[in-house]
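Enquirer: Using only what follows, build the 3D model:
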Amino acid sequence: MKEIVIRESKAEDLPFISELWLQASLAAHHFVAADYWITNKRAMEETYLPNSEVYVVVKMNTICGFVALVGNHLASIFVATEQQGNGIGSILLNHVKNL
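Expert: All right, here's what the predicted structure looks like:
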């Protein structure tokens, strides 16, 4: 894979991470009304993500996936829809297994 960096998220990543979450959730959960995900985006930005330990995968200066931990538990893993199937999820899982 081209230059990939895994790092802890920064405050300035939050808008990108929450948008990635929204787009991936909309794509994966077509059976849930889109309004549900759109309405909950704010809670992701203000409550959920700030209270989690979040790591991002950056590929070519673009965040293409993230994993969130709460304590020692994997709370969520999301990969940008256009990056799915490229091993990003495996990279994230292997990273948190090694922590």
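Enquirer: A strand includes residue 64, no?
Expert: Yes - Residue 64 forms part of a strand when assessed by DSSP: H, G, I helix; E, B strand; the rest coil.
Enquirer: Surely it and residue 78 touch.
Expert: No - in this structure, residue 64 is not within contact of residue 78 by CB atoms under 8 Å, at 9.9 Å. C-beta here means a position set from N, CA and C on the backbone, and glycine is covered the same way.
Enquirer: Next, show the common contact partners of those two.
Expert: Taking CB atoms under 8 Å, 6 or more residues apart in numbering as the contact rule, residue 64 and residue 78 both touch residue 20.
Enquirer: then stretch 13-33 to PDB, C-alphas only?
Expert: Provided in PDB are the C-alpha atoms of stretch 13-33 (Å, rounded to 0.1, in the frame of the first residue of the first chain):
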ATOM      1  CA  ASP A  13      -9.600  15.500  12.600                       C
ATOM      2  CA  LEU A  14     -13.000  15.400  14.200                       C
ATOM      3  CA  PRO A  15     -15.000  16.900  11.200                       C
ATOM      4  CA  PHE A  16     -13.300  14.400   8.800                       C
ATOM      5  CA  ILE A  17     -13.900  11.400  11.100                       C
ATOM      6  CA  SER A  18     -17.500  12.300  11.700                       C
ATOM      7  CA  GLU A  19     -18.200  12.700   8.000                       C
ATOM      8  CA  LEU A  20     -16.500   9.400   7.300                       C
ATOM      9  CA  TRP A  21     -18.700   7.800  10.000                       C
ATOM     10  CA  LEU A  22     -21.800   9.300   8.500                       C
ATOM     11  CA  GLN A  23     -21.000   8.300   4.900                       C
ATOM     12  CA  ALA A  24     -20.000   4.700   5.900                       C
ATOM     13  CA  SER A  25     -23.100   4.400   8.100                       C
ATOM     14  CA  LEU A  26     -25.400   5.600   5.300                       C
ATOM     15  CA  ALA A  27     -23.900   3.100   2.900                       C
ATOM     16  CA  ALA A  28     -23.900   0.100   5.300                       C
ATOM     17  CA  HIS A  29     -27.300   0.700   6.800                       C
ATOM     18  CA  HIS A  30     -29.500   1.500   3.900                       C
ATOM     19  CA  PHE A  31     -32.400  -0.100   5.800                       C
ATOM     20  CA  VAL A  32     -32.200   2.600   8.500                       C
ATOM     21  CA  ALA A  33     -33.700   6.000   7.600                       C
END
